[in-house]
Every structure is written in structure tokens, then in C-alpha cells.
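>>> generate coordinates for the sequence data below:
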Amino acid sequence: MIFGVLKDIKEGENRVIATPSEVNSIKSDGHIVFVQKDAGLKAGFTNSDYQKSGAQIVETAEEVYKECDFIAKVKEIEESEYKLLKEGQLIYTCIHPAAHEEEIQALLNKKCIAFTAEDSHRFGSVNCEAAGKQGALMGLYSMLSYNGGKGKFVSGLAGAPGIKVLILGAGLVGKSALQVLHSLGAWCTVMDVSMETLRDIGKVYNEKVNTQFSTKQNIKKILPETDLVINSVKWPKGCTDYLIDRDMLNLMEKGSVIVDISNDTPGAIESFHETTFEAPTYVENGIVHYGVSNIPGSIARSVSEAYAASILPHLRSILNLGIEKACIRDGYLRRSLTTYKGYLTHEETSAIQNRPWIRPEDILKISNEILDPAPPATVSRSNNFYKI
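The predicted structure follows:
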């Protein structure tokens, strides 16, 4: 099979989906690998590095799309790429399908076989870990006086207290942010809807981190003394309520910071809107908001190395075994199948976009096999099935 590594073109994106190490592994399996020129340059990997690993360097994305059976990149398929897709082409990338109706339609129109990477991680995505850890540091950067923040130092100074942080959501993103902020000496409170998760955090940090059940009322109580809010709650699509509405911003001191790592629109923070690395913050009601969507792109070398290593088993499984066997063996890969030869196979997208769908195991005709189990990727459910 011919496998292609694309150069990501989303604004501010510096990561690459496969480093020379992964290319070497795929090449050793007997496949041909094309890498778009400078695909890994911003992450520290030169064209020469890829060539030494056995890849062929091609000039343009057009060549990759034309020649490759299976292509991969980090972020969404952009509008400029829709016309390059070809029927039956395998794609692995972060599609974020429920939020990108036009992208899904393009994949359906071209009858591509697409996997949305963010749903395929059994132990959580490296990107989530990176977003949490680096997002915490971006919050501290936004706190600096010349960025409009309070100008408080994270752990305090002799005679001046450190910052108080509220982390909303204790999944991988929230825990990663907590790890950085607590280690730097911040006073942290974590809110979540799982008592088991909160209890585990208490044990890990020897009860030196405050934990509370996540409710709007509890958030209101703590906001007046909070310097930095980290939101890592994956907000249900279509939900019209907020954890922090605009009126609640008035409870916070001017110069306080909100970092919305989840980056949902609409999401848990009513005043949130997406920003870029070129203009990462804005101020509303005196509160500094940080809303860059691809935070991991700011530490491209580390994330590329970790992320590429984590998804290599998926890529090799598809390349070496074929889609059906790969999806039998790994339920997380199976649940990430998003489109298949003109059919939608992603439940959340069906629910949010009101499109018919078909289960991956049914379209692949593997429902009678012994399937590796995996929980649903989200809470969204759909009974809007194709009438086949």
C-alpha cells in the first residue's frame, strides 16, 4: 500500500502525524511512503531525515492525494483539500466530525474511508495531555501584567500569596493541567461530576488539592477568589446552558484569566470564542480569555514524537491487516470509523447533524465476529439509521 504523510495547513499548526521513526517502521512492513515536502520541518524533522528513513519526498499535497491509498495528517481536512480527495481513499486525522458538517459532506461525496483520530485512543490522546500541560502554562503567561492579567506569580513570593486555580473537568486534560500547576505551587481546586474521580485526585495528591462536585452554584461560590480558570469539560453538542455565563464574569477580579482548552462553540464558557497564536487572548468584562484551539501545536516536537508513536499501531494495523481485521481487533479504532464509501458511520455526527448512519460493524460486515469491546466515544445517541 502507498501511505502518505501530509503537511498540516491549519493556521498555527506545527505538528506532523508521523516522524521519521514511524516512517521507517511502515517502510519496513513493505509499504511505500510518500511525505509532503517540509511536512515535519516545524516539528524539527527535515526532508533529509525522512529520506534516510526510506520515504519519498513529494512537492505538493496534490501529489500525495493523487498517489496514496492511505493518507494521514494531524488536523481537519481543510476546504481547499476537498477537491483532492478520491474515492475509496483511506484517511486518518482529527476530523471532529460532529462540528464540521461541510467536511463530512465532502468525505461522503468522495466516498472516502475516514477515521477520526480523536475517538481512537484507548488510553487518552497525547494531544489531550499536551493541551492540558501547555494550556496551564498559557494561563500563567496570560496572567502576566503586560498581557492584561493580574500580574501574580504562580507560587507567590515572600509576603505575596500564590494564585488560586479552578480546574473544571478532571479527565486527561484537567489532570494534566493540575499536574503542572500544582507542581509549580498554585493553590488548586478541581471540579468534576464523578465522585470517584475526585476521590482518586485526593489520594494522588495526598489531599493537598481541593475537590468539589461540579455545579454552577459551587462555581459561583469560588469564582470571587479564583485567579485562573482552566476549562477542560467536553461540552455536549447542542447544550444551551453554561457552567460560566457572562454575568458570572462579574464575580471575578479584573485581570483574572480563563483558559478554555476544550474550545467548544457553544461550550461551557458563554464568553468564549476561538483565537489564534497570532492574537491568543481577548478581554471581556475585565477577564482575560485564552482561546487558541491547537495548543499542542506550540510544542510541536514533543507532541509529534509522542502522538506519532501512540498512533503507529493503528496505522500499521490498517496497512498490514486491512480495515475489517483492524476494526475487529481494536474497538477504539472501530468506533472512530466516521465515513465508509459514502455512508456515515459515526453516531455523534448522526445525532448532532440529523443524518442517517450505520454502525461500523454492520457496514464492515463483522458483527458476527468476536469484537474487541470499546465504550461509546460520546454521550450522544442516534437511532437515525439508513434504510438499507
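
>>> can you give me the helices for the chain?
For the chain, applying DSSP state H gives helices covering 20-28, 47-52, 61-67, 101-109, 126-142, 172-183, 195-204, 216-222, 300-321, 323-329, 331-335, 347-353, 360-363.

>>> columns distance to residue 379 and mean pLDDT on top of those, output as CSV?
Using the backbone N, CA and C atoms, a C-beta is placed for each residue, glycine as well. Below are these laid out as CSV (distance: least, C-beta to C-beta, whole Å; pLDDT from 0 to 100):
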stretch, distance to residue 379, mean pLDDT
helix 20-28, 33, 98
helix 47-52, 40, 98
helix 61-67, 35, 97
helix 101-109, 20, 98
helix 126-142, 17, 97
helix 172-183, 17, 98
helix 195-204, 16, 97
helix 216-222, 19, 97
helix 300-321, 24, 97
helix 323-329, 22, 98
helix 331-335, 14, 98
helix 347-353, 9, 95
helix 360-363, 18, 97
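
>>> including distance to residue 229 and mean neighbour count, could those helices go into TSV?
Compiled in TSV, the helices of the chain are given as follows (distance: least, C-beta to C-beta, whole Å; neighbours: other C-beta atoms under 10 Å):
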stretch	distance to residue 229	mean neighbour count
helix 20-28	37	19
helix 47-52	40	16
helix 61-67	39	17
helix 101-109	30	18
helix 126-142	8	23
helix 172-183	11	23
helix 195-204	17	14
helix 216-222	9	14
helix 300-321	24	20
helix 323-329	39	19
helix 331-335	31	23
helix 347-353	26	22
helix 360-363	37	20
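
>>> right, so of those, which gets closest to residue 252?
helix 216-222 (10.1 Å; C-beta to C-beta).

>>> what about the closest one, distance to the chain center?
Here helix 216-222 is found 27 Å from its chain centre; the criterion is C-alpha atoms, centre = their mean, to the nearest Å.

>>> can you check stretch 212-229 too?
25 Å.

>>> residues contacting the residue lying closest to residue 311 once chain neighbours are set aside?
When the adjacent residues along the chain are set aside, residue 311 lies closest to residue 117, with 6.6 Å between them (C-beta to C-beta, 6 or more residues apart in numbering). Residue 117 sits next to 92, 93, 94, 95, 125, 311, 336 when contact means C-beta atoms under 8 Å, 6 or more residues apart in numbering.

>>> compare the helices of the chain and give me the one nearest residue 258.
Judging the helices of the chain by C-beta to C-beta, what sits closest to residue 258 is helix 126-142, at 8.3 Å.

>>> helices and strands around that closest one, which ones?
Applying 3 or more C-beta pairs under 8 Å, 6 or more residues apart in numbering; DSSP states H and E, we find helix 126-142 packed against helix 172-183, strand 228-231, strand 257-260, strand 287-290, helix 300-321.

>>> and residue 15, how far from residue 384?
Note on residue 15: its distance to residue 384, by C-beta to C-beta, to the nearest Å, is 34 Å.

>>> what does residue 217 give?
Residue 217 is 36 Å from residue 384, by C-beta to C-beta.

>>> same question for residue 310.
33 Å.

>>> surely residue 120 is in contact with residue 313?
No. Residue 120 is not in contact with residue 313 according to C-beta atoms under 8 Å; the separation is 10.0 Å.

>>> ok, now which ones touch the nearest residue to residue 101 once chain neighbours are set aside?
Spatial nearest neighbour of residue 101, excluding adjacent residues (C-beta to C-beta, 6+ apart): residue 353 at 5.5 Å. Going by C-beta under 8 Å, 6+ apart, residue 353 touches 98, 101, 104.

>>> and stretch 229-237, what's buried?
229, 230, 231, 232, 233, 234, 235, 237 (16 or more other C-beta atoms under 10 Å).

>>> count of neighbours near residue 262?
24 (other C-beta atoms under 10 Å).

>>> per-residue pLDDT, it?
Note on residue 262: pLDDT of 90.

>>> can I assume it is in contact with residue 236?
No. Using C-beta under 8 Å, residue 262 is not in contact with residue 236, being 11.3 Å away.

>>> span of stretch 16-36 from start to end?
For stretch 16-36, the separation between the terminal residues is 11 Å (C-alpha to C-alpha, to the nearest Å).

>>> ditto for stretch 30-48
20 Å.

>>> hmm, who's touching it?
1-8, 14-16, 18-20, 23, 26-27, 49-50, 54-61, 63-64, 67-68, 300-301, 303-304, 319.

>>> how distant is it from the center of its chain?
22 Å.

>>> check contacts around residue 149.
142, 143, 255, 256, 257, 288.

>>> scan these and report the most crowded one.
Of the contacts of residue 149, with other C-beta under 10 Å as the count, residue 257 tops at 29 neighbours.
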